[in-house]
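Q: A predicted structure for the sequence below; I have some questions about it.
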Amino acid sequence: MTRRFGLTFDYLCPFARNANEYAIAAIRDGADIDVTWMPYSLAQNHVDEDEPSIWDREQPDRAAGILALQAGLAARDHVPHRFLEVHEQLFAARHDHGQDLKEPEVVRAALSRAGADPDEVLAHVEDGSALKILRHEHDAARSREVWGVPTFVTDERAVFVRVLDRPNGDAAAARRRIDAVLDLVDGDLKLHEFKQVDLPV
């Protein structure tokens, strides 16, 4: 039976990178999962109540992560056959290459590495449509009490999960990891917090 879940992401977060890589690896290995890729802006999440929202600022793309999130959404919605590659490359730009995702040339290079046409993808950023979708989907995630990434969202509950490692090409491990997380999210054992305190060095 297909396992359906949402998975939040912001390209700024290394833990989001880990969880999303596991989902991508499981999909590529043929896992029977249906993932709704849910953008969630950490920059917007940290805006103080007395400050204007990211969406209403004169240059929202200059806020951390916003340009990359829009590019990811535009790829998801308009070139879905390249989305997984785009998703990986935008994470890689930040976490493997240490690049600044506010810079258009960084995002363009990531799109190119993923085999997507940067002009085609970024046209949806330039016309403002990607920002509208980002705002709507960020707010939709908030309606499920999401406050961070990565959060796994099912019909039963939404659970913030920090995955400490990456799949590193092990597709079988990726499938096991996704199943294990979903078993906890949707299972009878209703844990509010399960946090490892002796983190590996």
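A: That came in fine, so what should we check first?
Q: switch to C-alpha atoms for all contacts and neighbour counts from now on
A: Noted.
Q: what about the helices in the protein?
A: Secondary structure of the chain, counting by DSSP state H: helices at 14-28, 42-45, 66-78, 83-95, 104-113, 118-126, 129-142, 171-186.
Q: Mind putting the ones you listed into a markdown table with mean neighbour count?
A: Converted to a markdown table, these look like this (neighbours: other Cα atoms under 10 Å):
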| stretch | mean neighbour count |
| --- | --- |
| helix 14-28 | 22 |
| helix 42-45 | 18 |
| helix 66-78 | 24 |
| helix 83-95 | 22 |
| helix 104-113 | 19 |
| helix 118-126 | 17 |
| helix 129-142 | 18 |
| helix 171-186 | 17 |
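Q: Select, out of the ones you listed, the one closest to Leu199.
A: Between Leu199 and the helices of the chain, the tightest spacing by Cα to Cα is seen for helix 14-28, at 13.8 Å.
Q: orientation of that closest one relative to helix 83-95 in degrees?
A: 150 degrees (axes from the mean of the first three to the mean of the last three Cα atoms, to 10 degrees).
Q: Next one: Tyr11 relative to Ile24, how far apart?
A: Separation of Tyr11 from Ile24 (Cα to Cα, to the nearest Å) stands at 15 Å.
Q: re earlier: now for the helices of the chain, which one comes closest to Gly6?
A: Ranking the helices of the chain by their distance to Gly6 (criterion: Cα to Cα) puts helix 129-142 first, at 9.6 Å.
Q: shaky segments in the protein?
A: Of all residues in the chain, those with pLDDT under 70 make up the ranges 201.
Q: one more time with 80, if that's ok
A: 190, 200-201 (pLDDT under 80).
Q: Count the residues that sit near Val159.
A: The local packing count at Val159 equals 26, with neighbours defined by other Cα atoms under 10 Å.
Q: ok, it touching Val149?
A: No - the pair Val159 / Val149 is not scored as a contact, 9.7 Å apart, by Cα atoms under 8 Å.
Q: Now render the helices of the chain as TSV, adding distance to Phe5.
A: Output for those, formatted as TSV (distance: least, Cα to Cα, whole Å):
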stretch	distance to Phe5
helix 14-28	10
helix 42-45	21
helix 66-78	16
helix 83-95	16
helix 104-113	26
helix 118-126	25
helix 129-142	13
helix 171-186	8
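Q: Out of the ones you listed, which gets nearest to Trp55?
A: Go through these one by one with Cα to Cα and the one that ends up closest to Trp55 is helix 129-142, at 6.8 Å.
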